[in-house]
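Trainee: return a 3D structure for these sequence lines:
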Amino acid sequence: MAPKQPMAAWSRLGLEIGYTSAMPRRDIPILFTTRIVRLFAYGFLSVILAFYLIEVGLDERAVGLLFTLTLAGDAGISLWLTTSADRIGRRRMLLLGALLMVLAGVVFRLTRNPLLLTAAAIIGVISPSGNEIGPFLSIEQAALTQLLPDQHRTQSFAWYNLAGSFATATGALAGGWLAKILQSNGWSALAAYRTILTGYALAGGLLMLLFLLLSPAVEAAKELKPIHRTPRQPFDKLEVTAQGRLLGLHQSRGVVAKLSALFALDAFAGGLVIQSLMAYWFHARFGVDEGVLGSIFFGANILAGISALLAARIAAKFGLINTMVYTHIPSSIFLMLVPLMPSLPLAIAVLLARFSISQMDVPTRQSYTMAVVAPDERSAASGVTTIARSVGAALSPSLSGLLLSIPSLFSVPFYLCGGLKIVYDLVLYQNFKRLKPPEEKA
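Mentor: Below you'll find the predicted structure:
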């Protein structure tokens with residue numbers, strides 16, 4: 001790799017990013033733009049997705065099962081795409097993921113057949129949570145880590161997550177109010193929801209065009225010489241062949257396996273109250289319409305984005321693991337308080353309090369994972385841990401759908417989610433408090 005040039009300011013985000021002479025400066029803005037487009041589309045769809053599926057004839061249990069199948073299918077597809085990306089090409093895998101997003105949006109738009117919807121959910125890329133789904137996050141993070149120096153990784157990931165949270169917030173606001181406005185002008189609910197699905201498919205097409213603009217600098221470096229790593233040898237001095245790899249991993253398998261198990265637990269908990277099901281809960285509990293729901297989740301995701309940005313400063317002082325744990329536990333407690341609130345304003349206030357600190361663990365978690373694995377394992381490590389999260393999240397919506405269909409258990413998903421997340425935090429801290437990323441060792 002060519003030596004680093006002096007630090008250059010990326011004025012739009014206020015970031016200092018180290019470029020290399022072989023690194024086209026357009027790649028980082030493009031990766032941020034694809035994040036924004038994608039998360040806007042996810043938020044745009046998430047507010048109305050459960051309503052749409054109920055409108056076409058599914059009940060709460062079937063909706064929960066479909067969301068489970070959606071996330072399970074995403075796990076399988078993403079596992080192959082992310083673990084193959086460094087070998088086959090990151091840009092190719094990103095293009096394929098965007099194509100699957102278009103496919104899912106088109107099929108959901110055109111059919112009411114439960115079997116076809118299920119097939120599209122399994123094979124395609126569609127987000128019931130409003131959060132990342134598909135292979136994009138893992139591959140983009142690997143590319144960004146390659147383009148950035150260690151000391152700017154966490155800060156850059158914070159901006160990356162801030163951009164995504166703002167995009168999700170804007171998408172939720174736009175999707176909720178568009179559905180309400182169309183219905184107010186005489187459209188049927190089904191027609192209004194299908195218009196939003198059309199927008200989702202178009203966003204996938206725009207992603208394809210943006211991914212075509214990426215340069216070869218985002219691709220993984222080809223390592224040829226088989227050099228064995230000693231226990232004290234830094235990862236950035238290591239070169240290995242593709243031999244001896246499992247799911248694209250070699251030296252980092254143990255760390256990635258532990259992180260994956262813990263991330264799966266966290267995601268299982270989060271999957272109990274994904275945004276689509278939470279929107280349905282607010283609608284059923286307080287009679288909130290789509291427009292108000294869009295506004296609620298707009299505010300929630302704005303606060304989440306700001307919390308992600310603050311995480312970089314906190315992590316610089318207290319460390320990545322400490323930041324992940326000490327901000328996540330209070331967030332989980334706030335979530336458990338939401339169903340205990342007697343009125344809609346109080347429930348919204350507690351939910352917003354939760355979101356104001358809920359995302360501080362996200363850029364820190366992503367940065368930590370990238371920091372403790374070898375450079376040529378980053379796509380695979382991010383992919384495997386992300387897939388573990390997808391698998392965990394895939395198991396819980398069907399359980400939530402079942403609980404939501406039983407009046408006496410209607411709010412149980414909130415309590416389960418918060419309790420399991422606290423368990424995750426405590427176990428994570430116990431296992432990884434001594435494993436430091438390079439910048440904290442210095």
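Trainee: surely Ala393 touches Asp266?
Mentor: No - at 9.1 Å, Ala393 does not count as touching Asp266 under the criterion of C-beta atoms under 8 Å. Every C-beta, even on glycine, is put in place using the N, C-alpha and C of the backbone.
Trainee: which one's more surrounded, those two?
Mentor: Per other C-beta atoms under 10 Å, whichever of Ala393 and Asp266 has more neighbours is Ala393, with 30 against 26.
Trainee: just checking, what packs against the helix or strand harbouring that one?
Mentor: Element membership for Ala393, per DSSP states H and E: helix 378-404. The helices and strands touching helix 378-404, judged by 3 or more C-beta pairs under 8 Å, 6 or more residues apart in numbering; DSSP states H and E, are helix 60-88, helix 136-147, helix 253-271, helix 275-286, helix 361-371, helix 412-432.
Trainee: what's the angle between the following helix or strand past the longest one and helix 60-88?
Mentor: So that's helix 60-88. Remark: after helix 60-88, the chain's next helix or strand is helix 90-110, criterion DSSP H and E. Inter-element angle recorded for helix 90-110 and helix 60-88: 160 degrees (by axes from the mean of the first three to the mean of the last three C-alpha atoms, to 10 degrees).
Trainee: what is helix 90-110 packed up against?
Mentor: helix 27-55, helix 60-88, helix 114-123, helix 136-147, helix 189-212.
Trainee: nearest residue to the middle of the protein?
Mentor: In the chain, the C-alpha nearest the mean C-alpha coordinate belongs to Glu132, at 2.9 Å (C-alpha atoms, centre = their mean).
Trainee: Leu39 is in contact with that one, correct?
Mentor: Yes - between Glu132 and Leu39 there is a contact under C-beta under 8 Å: 7.4 Å.
Trainee: which residues do these two both contact?
Mentor: Gly164 (C-beta atoms under 8 Å, 6 or more residues apart in numbering).
Trainee: picking up where we left off before, assumed the residue nearest to the centre of the chain was part of a helix.
Mentor: No - counting by DSSP: H, G, I helix; E, B strand; the rest coil, one finds Glu132 to be coil, located in no helix.
Trainee: picking that back up, and of the helices and strands packed on helix 90-110, who's closest to Glu290?
Mentor: Glu290 sits nearest to helix 27-55 of all the helices and strands packed on helix 90-110, at 6.1 Å, using C-beta to C-beta.
Trainee: and the closest one, what's buried?
Mentor: 27-28, 30-53, 55 (16 or more other C-beta atoms under 10 Å).
Trainee: and Leu209, how close does it get to Arg90?
Mentor: According to C-beta to C-beta, to the nearest Å, Leu209 stands 17 Å off from Arg90.
Trainee: with Pro397 instead?
Mentor: 30 Å.
Trainee: look at the two and report which has more neighbours.
Mentor: Shown here are Pro397 and Arg90; by other C-beta under 10 Å, Pro397 has more neighbours (30 against 27).
Trainee: residue contacts, the closest residue to the more buried one other than its chain neighbours?
Mentor: Among residues not flanking Pro397 along the chain, Phe67 sits closest, at 3.7 Å (C-beta to C-beta, 6 or more residues apart in numbering). Residues near Phe67 by C-beta under 8 Å, 6+ apart: Ala121, Pro128, Ile274, Ser276, Leu277, Pro397, Ser398, Gly401.
Trainee: Ile296 is nearest to which of the helices and strands packed on helix 378-404?
Mentor: helix 275-286 (6.9 Å).
Trainee: ok, residues contacting that closest one?
Mentor: Residues outside helix 275-286 that contact it (C-beta under 8 Å, 6+ apart) are 43, 46-47, 49-51, 60, 63-64, 67, 128-131, 172, 273, 288-289, 293, 296-297, 339, 344, 347, 397, 400-401, 404, 410-411, 413.
Trainee: give me the distance from the helix or strand just after that helix to the chain's centre.
Mentor: Reading on from helix 275-286 to the C-terminus, the next helix or strand found by DSSP H and E is helix 290-318. The chain centroid and the centroid of helix 290-318 are separated by 14 Å under C-alpha atoms, centre = their mean, to the nearest Å.
Trainee: after helix 290-318, which helix or strand is next?
Mentor: By DSSP H and E, the next helix or strand past helix 290-318 is helix 320-337.
Trainee: quick check: what element follows that following helix along the chain?
Mentor: helix 344-358.
Trainee: other SSEs contacting that following helix?
Mentor: Using 3+ C-beta pairs under 8 Å, 6+ apart, helix 344-358 sits against helix 275-286, helix 290-318, helix 320-337.
Trainee: buried ones in it, by neighbour count?
Mentor: Buried, per 16+ other C-beta under 10 Å, within helix 344-358: Ala347, Ile348, Val350, Leu351, Leu352, Ala353, Arg354, Phe355, Ser356, Ile357, Ser358.
Trainee: ok and that helix relative to helix 320-337, angle-wise?
Mentor: Taking the same axes, to 10 degrees, one finds that helix 344-358 is oriented at 170 degrees with respect to helix 320-337.
Trainee: show the pLDDT at Gln5.
Mentor: Per-residue pLDDT puts Gln5 at 40.
Trainee: same question for the one 10 residues further on.
Mentor: Each residue has a pLDDT score; the one for Leu15 is 40.
Trainee: same deal with Ala353?
Mentor: We have a pLDDT of 94 for Ala353.
Trainee: please apply the same query to the one 10 residues further on.
Mentor: pLDDT, the model's per-residue confidence, is 84 for Pro363.
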